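*Asks:* okay, here's the prediction I keep looking at, along with the sequence it came from:
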Amino acid sequence: MSKEWINVADAERAATAALEPGPLGYFSGGAGDELTLAENVEAWGRWRFRPRVLVDTTATTTATELLGTPLSMPLIVAPVAFQRLAHPDGEIGMARAAAAADTLFCLSTLATTKPSELAAAVPAGRRWFQLYPFREEAVTRALVEEAVGCGFEAIVVTVDAPPAGNRERDLRTGFEIPAEVGVPSVAAAFGAERTVTVAEAFELMSPAVEWPDLAELAADSPVPVLVKGVLTAEDAELAVGHGAAGVIVSNHGGRQLDRSLATAEALSEVVDAVDGRAVILVDGGIRRGVDAAIALALGADAVLVGRPALWGLAAAGEAGARRVLELLQAELALALELCGCRAVGELGRGHVRRAPAAGVYSRP
Ligand SMILES: Cc1cc2nc3c(=O)[nH]c(=O)nc-3n(C[C@H](O)[C@H](O)[C@H](O)COP(=O)(O)O)c2cc1C
């Protein structure tokens, strides 16, 4: 079935039909009025290409390298919590889809699969671990040690939570993660599996983390540490100054602070502030290969996708997530060729400019 999808919107429609109201609201929704959620998507559409022509693109490739890891494309799978609620294939299916696409999978702290289980199930897959520091430091330490010990190649510290954003869809549906689904990190913090709301899960995380804590983590870590959730030049500068190997421009897919900047709007100032001292990734609203191409042109080294891969997983398990990644890779390859680029590194600011009039063209 997923073979018939011709774009990410097809996967979204299929997932919307497949999911129960609670998980659907949790996976697709955002915070507050969901203005940032919508604007993340719209903001990529405010850019237009300045394509170059008469370039031999017979050998154009999307292949790249990120912090020493060779990848088939600069598009990786974002950390997304509770994936077994989307489909029984869960994080293992998602990681297999990423491995099949020869790209990276980032496991959430709030995964329904332990880092060691994931590594055992998908040993060849390249993987990063996303960290929310817990109030209880021993839980954090054990998680990081487990992940690093079983081949996770970077730690992504998410800094735009806790607390959880104001997710009104979850309040309306009464969304909870049932104890039987199993969230190993939450069970470790409580001492037993228990049914929790999203807000209760975030209550376990420390709101007291500051830049010196990041510096300590980066200094002690045997693998690179990236900071996810930066939207300003000021924080990008602090991240680099405190040892981050990478900065991820993100507003958590519009799920945390509604009315925060769309990531397409925040990206350029972060690129300028970092000035090549760390890798730069961006996520939020990437639904097309052309969105990814615009992000790369604006200076990102790679993009992450959250919901697109999740919709694929929810509708058709591992095969669905794989299909979404294939579609995005094919669209990105086409965008490169039509921009006259042979490699992702050739895309630059000269390939894009702001749309002459925003909002003139609507999306299909
Ligand atoms: C259902 C859902 C759960 C998420 N869980 C996490 C998480 O556990 N940790 C994290 O750092 N980000 C989490 N995110 C944010 C994603 O990593 C990413 O920033 C966001 O989804 C990108 O926007 P997009 O969905 O428009 O691609 C989650 C996003 C969604 C949609």
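*Replies:* Sure thing, it's come through.

*Asks:* only C-alpha atoms for contact and neighbour calcs from this point on.
*Replies:* Fine.

*Asks:* who in the stretch 251-364 of the chain is up against the ligand?
*Replies:* 252-253, 283-286, 305-307 (CA under 6 Å from any ligand atom).

*Asks:* what's the farthest-apart pair in those residues?
*Replies:* Every pair in those was compared (CA to CA); the two farthest apart turn out to be 252 and 286, at 12.5 Å.

*Asks:* of the two, who's got more company?
*Replies:* residue 286 (30 against 27; other CA atoms under 10 Å).

*Asks:* show me what contacts the spatially most central residue of the chain?
*Replies:* The geometric centre of the chain, computed from its C-alpha atoms, lies nearest to residue 78 (CA atoms, centre = their mean), at 2.5 Å. Residue 78 sits next to 105-107, 283, 304-306 when contact means CA atoms under 8 Å, 6 or more residues apart in numbering.

*Asks:* let's see that with 6 Å instead.
*Replies:* Shown in contact with residue 78 (CA atoms under 6 Å, 6 or more residues apart in numbering): 106, 304-306.

*Asks:* cool, and residue 328?
*Replies:* residue 289.

*Asks:* doesn't it fall inside a helix?
*Replies:* Yes - judged by DSSP: H, G, I helix; E, B strand; the rest coil, residue 328 forms part of a helix.

*Asks:* how many neighbouring residues does residue 11 have?
*Replies:* Count around residue 11 with other CA under 10 Å applied: 28.

*Asks:* next one: residue 217
*Replies:* Neighbours around residue 217, by other CA under 10 Å: 18.

*Asks:* do residue 180 as well
*Replies:* Neighbour number of residue 180 under other CA under 10 Å is 9.

*Asks:* for the stretch 51-200 of the chain, what spans make up the helices?
*Replies:* 90-100, 115-121, 137-149, 168-173, 184-190, 198-203 (DSSP state H, counting those that start in this stretch).

*Asks:* deepest of those, which one?
*Replies:* helix 90-100 (a mean of 25; mean count of other CA atoms under 10 Å).

*Asks:* how far is stretch 63-81 from where the chain is centred?
*Replies:* Centre-to-centre, stretch 63-81 and its host chain are 10 Å apart (CA atoms, centre = their mean, to the nearest Å).

*Asks:* what residues are up against whichever residue of the stretch 51-200 of the chain sits closest to the ligand?
*Replies:* Nearest residue of the stretch 51-200 of the chain to the ligand, counting by CA to the nearest ligand atom: residue 80, 3.5 Å away. By CA under 6 Å, 6+ apart, the residues touching residue 80 are residue 108.

*Asks:* measure it to residue 336 for me?
*Replies:* Distance of residue 80 to residue 336, given as CA to CA, to the nearest Å: 28 Å.

*Asks:* repeat that for residue 230.
*Replies:* In terms of CA to CA, residue 230 sits 27 Å off from residue 336.

*Asks:* wait, isn't residue 305 in contact with residue 79?
*Replies:* No - with contact defined as CA atoms under 6 Å, residue 305 does not reach residue 79; the gap is 8.8 Å.

*Asks:* which parts of the stretch 101-250 of the chain sit against the ligand?
*Replies:* 108-110, 130, 158, 250.

*Asks:* mark which of the residues of the stretch 251-364 of the chain next to the ligand are buried, thanks.
*Replies:* 252-253, 283-286, 305-307 (16 or more other CA atoms under 10 Å).

*Asks:* spatially nearest residue to residue 153 (excluding sequence neighbours)?
*Replies:* residue 128 (5.3 Å; CA to CA, 6 or more residues apart in numbering).
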